[in-house]
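Asker: model this:
(one chain, ligands or ions: 1)
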Amino acid sequence: MDKITLFFATSNVVKVEEAERILKENDIFILHLPMKLPELQSENLEEIAVFSAQKGWEDQEKPLFVEDAGLFINELKGFPGPYSSYVFKTLSNEGILKLMSQLEDRTAYFQSVIAFCNGKKIVTFKGEVNGKISREIRGKYGFGFDPIFIPEEGDGRTFGEMNISEKTAISHRTRALRKFAKWVKSPDFSKFI
Ligand code: ITT
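Answerer: Model prediction:
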């Protein structure tokens, strides 16, 4: 199998670690471009990812992918969703738990969108994982909202209590990455490039 190397533009090193594990399974390797790309104000993660990938291309002039993710809490009508980064910085996990202290329906999901840009075209891949918001902060692994998110397919632990291989077995990012990897290995990729 041919080895493929792709550029991943992100400011988040944990994302890189997670993506490396999954893409490696398909002989795809990552070169990290450590940069914070501008994000469009939009309610749609796909639009945000497409915009950032375009900006990444303009800055680097090489084919690259970006990944945009968010936590969507059903009872809060999808909040923080596309504003996850800002909300994590301002309210953090304590703030989300406070906001939800009176709420019974704690269901939520993470969504991940990957956008790959070659300067001319952009393709996107989406992944989701369902779960619920815990009543307290639990765990030391991962990043962001991991310590308050209990995936439906798990054993009751938060992502923050799972090590990287346990989280990447079921995560939203893994699901988007697997679709991306399948496409990269298909004839569509060589036509695209
Ligand atoms: P980029 O440079 O790639 O944009 P980022 O950390 O700012 O890195 P996003 O904008 O995609 O990433 O993510 C928005 C926020 O959503 C992020 O700050 C986290 O708080 C949260 N988040 C995203 N994916 C997550 C995950 O797998 N586990 C926990 N929280 C996550």
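Asker: got the contact list for the closest residue to the ligand within the chain?
Answerer: Here the chain gets closest to the ligand at one residue, residue 144, 2.5 Å apart by C-beta to the nearest ligand atom. Every residue, glycine included, has its C-beta placed from N, CA and C. For residue 144, the contacting residues are 71, 84, 88, by C-beta atoms under 8 Å, 6 or more residues apart in numbering.
Asker: and this protein, which of its residues are near the ligand?
Answerer: Counting by C-beta under 6 Å from any ligand atom, the positions of the chain adjacent to the ligand are 10-12, 15, 36, 67-71, 84-85, 88, 110, 142-146, 159, 171, 173.
Asker: can you rerun that using 8 Å?
Answerer: Taking C-beta under 8 Å from any ligand atom as the criterion, the neighbours of the ligand within the chain are 9-12, 14-15, 18, 35-37, 39, 48, 52, 66-71, 80, 84-85, 87-89, 110, 112, 142-146, 149, 159, 167, 171-173.
Asker: residue ranges of the helices in this protein, please?
Answerer: 13-24, 45-60, 84-90, 92-99, 164-170, 172-184, 187-192 (DSSP state H).
Asker: chain center to the shortest one, what's the gap?
Answerer: When you say that, I think you mean helix 187-192. Averaging C-alpha positions (C-alpha atoms, centre = their mean, to the nearest Å) puts helix 187-192 24 Å from its chain's average.
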